[in-house]
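In: Sequence plus predicted model, see below.
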Amino acid sequence: MTLTVILAALLGFSALSSCYSGENTTRPAITTADLSQVRVFNEEMVIGRGDTPDIIEPEPTTAISEMESTYNYILSRLAAMDQAIHKLNVGHYTLDIKVTQLLERMSRLENRLSDTEDAIEQVSSYCKDNRKEIGRLEGCQKGRKMGYKCFLAYRVYETYADASKKCHERGGRMAMPRDRKEQEALAEYVKSVFHGNWPVWLGINDERSEGLYLFDDTTRVTYFQWRKHFLSSQPDGGKRENCVSMSSDDGDWWDTYCERRMYYLCEFDV
């Protein structure tokens, strides 16, 4: 299209030259400047008509710099970290709720356990009272009633301390003959229960002070039934033997080691 326009322009100039030749034999020469003007005119005419100019290829884009690439990588990593922190916060919140619920349940459980312990303690107290009442009734039904007390012998080997504990658990105390009448009645009962010569614990000892004999209820002993014999008079154990037993064959008292295990006697109030 451009070439056609240029040819048309040249033909126009040729016509003009012919005109000039008719009027004047001398015609102007076509100079380089004139050709430049024709080319500029041609381009203006083409653009003025709305013709599409030649497509100019875009310049190639420059490569992303290393700093920009690093910056984009850091941004992507920060975004990932932000998501991870958000998930962690959600998990922490959920865990906090679970812990709170667990603490509330533990508090309720602790209250229930406290109530249960109180109930168990109350039941235990009732059991102790019942056991004492049962022991007292058993002592008077199976044992020997003497005035305002009942005595019961137990064929179980126990130390002095354990025998005292067992008597108290049954609602009584270790046998404490306080006068000759009680001593003689108790000796007769023990002889009928234990055939032969068996030592049996009485509730008498001098553990607090040597030679000062006290009953199991800490009252002082005023009547004694020590064995008297030229070969073995009692008491003869000194500080080594501080608890008193009764011989089942004659009812005499002997001092002996408190850790020795033997039968024992309990007494109960009627």
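Out: Everything's here; your move.
In: Break down the stretch 1-150 of the chain into its strands, ranges please.
Out: Using DSSP state E, counting those that start in this stretch, the strands assigned to the stretch 1-150 of the chain run over residues 144-146, 149-158.
In: With respect to burial, which of those strands scores highest?
Out: Compared across those, strand 149-158 shows the largest average neighbour count, a mean of 19 (mean count of other Cβ atoms under 10 Å). Any C-beta I mention is one placed from the backbone N, CA and C, and that applies to glycine too.
In: C-alpha coordinates for it, PDB please?
Out: Listed next in PDB are the C-alpha coordinates belonging to strand 149-158 (Å, rounded to 0.1, in the frame of the first residue of the first chain):
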ATOM      1  CA  LYS A 149     -18.800 -57.400 135.600                       C
ATOM      2  CA  CYS A 150     -18.500 -60.200 133.100                       C
ATOM      3  CA  PHE A 151     -15.200 -62.000 132.400                       C
ATOM      4  CA  LEU A 152     -14.400 -63.900 129.200                       C
ATOM      5  CA  ALA A 153     -11.200 -65.900 128.400                       C
ATOM      6  CA  TYR A 154      -9.800 -66.000 124.900                       C
ATOM      7  CA  ARG A 155      -7.800 -68.900 123.600                       C
ATOM      8  CA  VAL A 156      -5.700 -66.800 121.200                       C
ATOM      9  CA  TYR A 157      -2.000 -66.000 121.700                       C
ATOM     10  CA  GLU A 158      -1.400 -62.200 121.900                       C
END
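In: Which strands border it, and is each parallel or antiparallel?
Out: When pairs are called by DSSP bridges, strand 149-158 turns out to pair with strand 144-146 (antiparallel), strand 262-269 (antiparallel).
In: Least reliable of the ones you listed by average pLDDT, please.
Out: For those, the bottom mean pLDDT is recorded on strand 144-146, which sits at a mean of 90.
In: how far does that one sit from the chain's center?
Out: Strand 144-146 sits 57 Å away from the centroid of its parent chain (Cα atoms, centre = their mean, to the nearest Å).
In: hmm, who's touching that strand?
Out: Strand 144-146 is touched from outside by C150, F151, L152, E182, A185, L186, Y189, V270, with contacts defined as Cβ atoms under 8 Å, 6 or more residues apart in numbering.
In: Report the contact partners of R261.
Out: For R261, counting by Cβ under 8 Å, 6+ apart, the contacting residues are Y157, E158, T159.
In: Please name the nearest non-neighbouring residue to E138.
Out: The spatial neighbour of E138 that comes closest, neighbours along the chain excluded (Cβ to Cβ, 6 or more residues apart in numbering), is L152 at 7.0 Å.
In: Distance of the one you found relative to C167?
Out: Distance check for L152 against C167: by Cβ to Cβ, to the nearest Å, it reads 9 Å.
In: what residues are shared contacts of these two?
Out: Taking Cβ under 8 Å, 6+ apart as the contact rule, L152 and C167 both touch C266, E267.
In: hang on, isn't F215 packed against F224?
Out: No - applying Cβ atoms under 8 Å, one finds F215 not in contact with F224, separated by 12.0 Å.
In: More neighbours: the two, which one.
Out: Neighbours of F215 and F224, each counted by other Cβ atoms under 10 Å, are more numerous for F215; the result is 20 against 13.
In: Without its sequence neighbours, what residue ends up closest to the more buried one?
Out: M176 (4.3 Å).
In: a strand runs through that neighbour, doesn't it?
Out: No - with DSSP: H, G, I helix; E, B strand; the rest coil as the criterion, M176 is coil rather than part of a strand.
In: ranges for the helices of the stretch 151-270 of the chain?
Out: Under the criterion DSSP state H, counting those that start in this stretch, helices of the stretch 151-270 of the chain are mapped to 160-169, 180-193.
In: Between those, which one is closest to T256.
Out: When these are ranked by proximity to T256, the top entry is helix 160-169, at 8.8 Å, counting by Cβ to Cβ.
In: I'm done for today, thanks for sticking with me.
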